[in-house]
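Asker: Build me a structure from this.
(2 chains)
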Amino acid sequence: QKEVEQDPGPLSVPEGAIVSLNCTYSNSAFQYFMWYRQYSRKGPELLMYTYSSGNKEDGRFTAQVDKSSKYISLFIRDSQPSDSATYLCAMRPGNTPLVFGKGTRLSVIA
Amino acid sequence: DTGVSQNPRHKITKRGQNVTFRCDPISEHNRLYWYRQTLGQGPEFLTYFQNEAQLEKSRLLSDRFSAERPKGSFSTLEIQRTEQGDSAMYLCASSGGTEAFFGQGTRLTVV
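Answerer: Numbers count the residues shown, from 1 in each chain, chains lettered A, B, ... in the order given. Presented below is the predicted three-dimensional model:
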């Protein structure tokens, strides 16, 4: 079992839809949780980070962490074609390197 | 531009040749990470530095891979005797605290 599991998709939604992206993990020591967006042939861009459990909102994006279930989510409201990208979850226990999921490829259709 | 800079952006090399990639981190960041990413996969951790000290190198893929950060500023990743399986995107990230910021990557193609 990989430390971080993420459904690779692809996920295709109409413009304006609410998108839900998820990851599960096995290491209960993970404390820092990040979401990156990666456009084709570009480096990952940090979208949001959350420490421990709870929710965090930034504009159209909401990140949720449920440590009891070892489950994290990223919600995108009012999705736009420009949101079409691969979304990577990443996490780490403390001050150590991030462990990434495989990424979910999202297409938002106009 | 104050982001993480990687050079070159693309490298095509013949099998058996050595290649070196450079990463310039965000200036005040003391941690620097190297990752490799293949098609359809998430970034895979290779090695990292805190200032000039290499804190973890056991995840380097083989002894053909080496990295340096001689003065705690820029870093280089070298691959000796390249193989076709080394074809991938090599990503560098830097961090001054909690968040890690990535460069645009160096795409290596071994022919």
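Asker: Please name the residues that touch A:Glu45.
Answerer: Listed by C-beta atoms under 8 Å, 6 or more residues apart in numbering or on different chains, the contact set of A:Glu45 reads A:36-39, B:102. (Each C-beta comes from the backbone N, C-alpha and C, glycine too.)
Asker: Give the pairing partners of the helix or strand bottoming out on mean pLDDT in chain B; include direction for each.
Answerer: Ranked by mean pLDDT, DSSP states H and E, the helix or strand of chain B with the weakest confidence is strand B:53-56, at a mean of 92. Note on strand B:53-56: by DSSP bridges, its sheet partners are strand B:44-50 (antiparallel).
Asker: gap between A:Thr50 and A:Asp66?
Answerer: For A:Thr50, the distance to A:Asp66 equals 11 Å [C-beta to C-beta, to the nearest Å].
Asker: what touches both of those two?
Answerer: Contacts common to A:Thr50 and A:Asp66, judged by C-beta under 8 Å, 6+ apart, are A:Ile72.
Asker: who has more neighbours, those two?
Answerer: A:Thr50 (19 against 13; other C-beta atoms under 10 Å in any protein chain shown).
Asker: Name all residues that make contact with that one.
Answerer: A:32-34, A:56, A:63-65, A:72.
Asker: out of the residues you listed, who's nearest chain B?
Answerer: Looking at those and their distance to chain B, the nearest is A:Tyr32, at 6.2 Å (C-beta to the nearest C-beta).
Asker: Bridge partners for that closest one, pull those for me.
Answerer: A:Tyr51, A:Arg92.
Asker: Please apply the same query to B:Phe102.
Answerer: Beta-bridge pairing for B:Phe102 (DSSP bridges): B:Ala93.
Asker: For it, give its distance to A:Pro81.
Answerer: In terms of C-beta to C-beta, B:Phe102 sits 23 Å off from A:Pro81.
Asker: Which residue lies nearest the spatial centre of chain B?
Answerer: B:Trp34 (3.8 Å; C-alpha atoms, centre = their mean).
Asker: Excluding sequence neighbours, find me the nearest residue to the residue of chain A found nearest chain B.
Answerer: Residue nearest to chain B within chain A (C-beta to the nearest C-beta): A:Phe100, separated by 3.4 Å. Once flanking residues are discounted, A:Phe100 sits nearest to B:Gly42: 3.4 Å by C-beta to C-beta, 6 or more residues apart in numbering or on different chains.
Asker: Please, which helix or strand holds that neighbour?
Answerer: Secondary structure from DSSP states H and E places B:Gly42 outside every helix and strand.
Asker: Now do the contacts for it.
Answerer: A:4, A:6, A:88, A:90, A:100-103.
Asker: before we move on, what about A:Arg37?
Answerer: Counted by C-beta under 8 Å, 6+ apart, A:Arg37 has contacts A:44-45, A:47, A:83, A:85-88.
Asker: Also B:Thr47?
Answerer: Residues in contact with B:Thr47, defined by C-beta under 8 Å, 6+ apart, are B:33-34, B:54, B:56-57, B:59-60, B:67.
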